[in-house]
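Enquirer: below: sequence and its predicted model.
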Amino acid sequence: MAGSGSSHLREAGAGVAQIVLRVSDLVVEYGRRLQRVRAVSGLSLDIAEGETLGLVGESGCGKSTTARAIMMLTRPTAGAIDYRGQDLATLSKREVRRARKGLQLILQDPVSSLNPRRRVHRLVAEAAVIQGAGPTDEEIAATIRAVGLDPDVVWDRRPHELSGGQCQRVAIARALMAEPDLLILDEPVSALDVSVQAQILNLLREIKRQRSIALLFVAHDLAVVKNISDRVAVMYLGKLCEIAPVERLFAEPRHPYTTALLEAVPVPDPTVELARMELAGDLPSPLNPPSGCRFRTRCPRAEERCAEEEPAVREVGAGHFVACHFPVGRVEVTEEARTAPAGAGGRGRSTPS
Ligand SMILES: Nc1ncnc2c1ncn2[C@@H]1O[C@H](COP(=O)(O)OP(=O)(O)OP(=O)(O)O)[C@@H](O)[C@H]1O
């Protein structure tokens, strides 16, 4: 989809917040020869200081691979990961460890991401200690408090003595202790109950408000990133298909895949289950992706050109970029339209562009 993958990247100049992270033309492949999977295929994105970028797409589209590659836990096959002026992809393992000090990763499964033998105060101190700092008990307690836990209660507990939500708070405290300027959150609430999800999202919003930390928030559905993101990037089969400021993406999605994801935004009331429209078909194998536009095999708007030519990323509005030959026009997706029963005219209206 992305012909010129970097075309939507911003210039960090006067009046524009400093760019913390810039990923350019990232390619990540797994396996060898015939079994080679291109999990990420020319992805470019940037994140400014204090900004939250949501990264969404179905399972298998390459979100976790992108997160791991940014942390250099998976080596990119090609492309650059510029963090604070250094391309991490060109550094040795040792140099990476030093260079990525301000980067912290939070994973989906909070319980297994924490060492089960360690007690909370030690877990929280760990990331800072790895970086050579020696936090005091007061500093550790203050960070535990900042994530909504009572240090007097949890100080000596081990992960199995905590709930999933509490473990995720500990993981967040641990990351904060290292004073990051960019938190990479890979599906941080997917393993939690819905009510706990809301609490963790509120905590992240609070952290974002109080500290100037940028977030890359990876999730498989748009509903989760909606209230926390400043911009949202939508990925499909290893490529970026749309990126826009969050209000704009929800009010005026232009890529047919984004509109399909919006249709799948879950509604809290189970009685309106029928209003959902499943995305037709499965994600094609990244071993053998479709020619041209990768979404064309599931796209109701696909034409011959889509099989022949990969669409370039192009600007369709301020800060709004889309990789599609036939982007949808303005789609009015009101709350009412999204929650109306099927057949009640509640699908949202699309006008041709
Ligand atoms: N270690 C690996 N070896 C081989 N293939 C892999 C490996 N990790 C991921 N893949 C493949 O790369 C593609 C992208 O996977 P990735 O986990 O990055 O996607 P995702 O969007 O994060 O999905 P999920 O939400 O299910 O983790 C998938 O086809 C996956 O099967």
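Expert: Cool, the structure landed.

Enquirer: from now on I want contacts and neighbour counts done on CA atoms only, so please keep to that.
Expert: Noted.

Enquirer: show me where this structure has helices.
Expert: Under the criterion DSSP state H, the chain contains helices at 63-70, 93-99, 120-130, 137-146, 151-154, 164-177, 194-210, 222-226, 246-251, 256-263, 304-308, 335-339.

Enquirer: out of everything not next to it in sequence, what's closest to Asp150?
Expert: Leaving aside its chain neighbours, Asp150 sits nearest to Ile144 (6.8 Å; criterion: C-alpha to C-alpha, 6 or more residues apart in numbering).

Enquirer: I misspoke; the intended subject was Met177.
Expert: Met177 sits nearest to Ala128 (C-alpha to C-alpha, 6+ apart), 5.7 Å away.

Enquirer: any weak-confidence spans in the stretch 201-350 of the chain?
Expert: Low-confidence segments of the stretch 201-350 of the chain (pLDDT under 70): 264-278, 330-350.

Enquirer: picking up where we left off before, the residue nearest to Asp150: what's it in contact with?
Expert: By C-alpha atoms under 8 Å, 6 or more residues apart in numbering, the contact set of Ile144 is 124, 150-151, 170, 173.

Enquirer: buried ones among those residues?
Expert: Among the contacts of Ile144, the ones that count as buried by 16 or more other C-alpha atoms under 10 Å are 124, 151, 170, 173.

Enquirer: distance check, the third one against Phe326.
Expert: As judged by C-alpha to C-alpha, to the nearest Å, Val170 and Phe326 stand 46 Å apart.

Enquirer: farthest residue from the center of the protein?
Expert: Farthest-out residue of the chain from its mean C-alpha position, per C-alpha atoms, centre = their mean: Asp152, at 33.8 Å.

Enquirer: how far does stretch 309-324 stretch from one end to the other?
Expert: Terminal residues of stretch 309-324 lie 10 Å apart, using C-alpha to C-alpha.

Enquirer: name the residues of that stretch that are buried.
Expert: Residues 310-315, 320-324 are the ones in stretch 309-324 that count as buried (16+ other C-alpha under 10 Å).

Enquirer: for the stretch 51-200 of the chain, what lies in contact range of the ligand?
Expert: Applying C-alpha under 6 Å from any ligand atom, one finds that the stretch 51-200 of the chain approaches the ligand through 58-65.

Enquirer: by neighbours, which of those residues wins?
Expert: The most crowded member of those, judged by other C-alpha atoms under 10 Å, is Lys63 (28 neighbours).

Enquirer: skipping adjacent residues, who's closest to that one in space?
Expert: Nearest residue to Lys63 in three dimensions, chain neighbours excluded: Val218, at 6.6 Å (C-alpha to C-alpha, 6+ apart).

Enquirer: quick one: contacts for that neighbour?
Expert: Contact analysis of Val218 by C-alpha under 8 Å, 6+ apart lists 54-56, 63-64, 67, 184-188.

Enquirer: in the stretch 101-250 of the chain, what residue comes closest to the ligand?
Expert: Relative to the ligand, the nearest point of the stretch 101-250 of the chain is His220 (6.3 Å; C-alpha to the nearest ligand atom).

Enquirer: what of the stretch 151-300 of the chain?
Expert: Pro286 (5.6 Å).

Enquirer: list the contacts for that residue?
Expert: Each residue near Pro286 by C-alpha under 8 Å, 6+ apart is listed here: 37-39, 237-238.

Enquirer: now Val234
Expert: For Val234, the contact set (C-alpha under 8 Å, 6+ apart) comprises 55-57, 240-243, 258.
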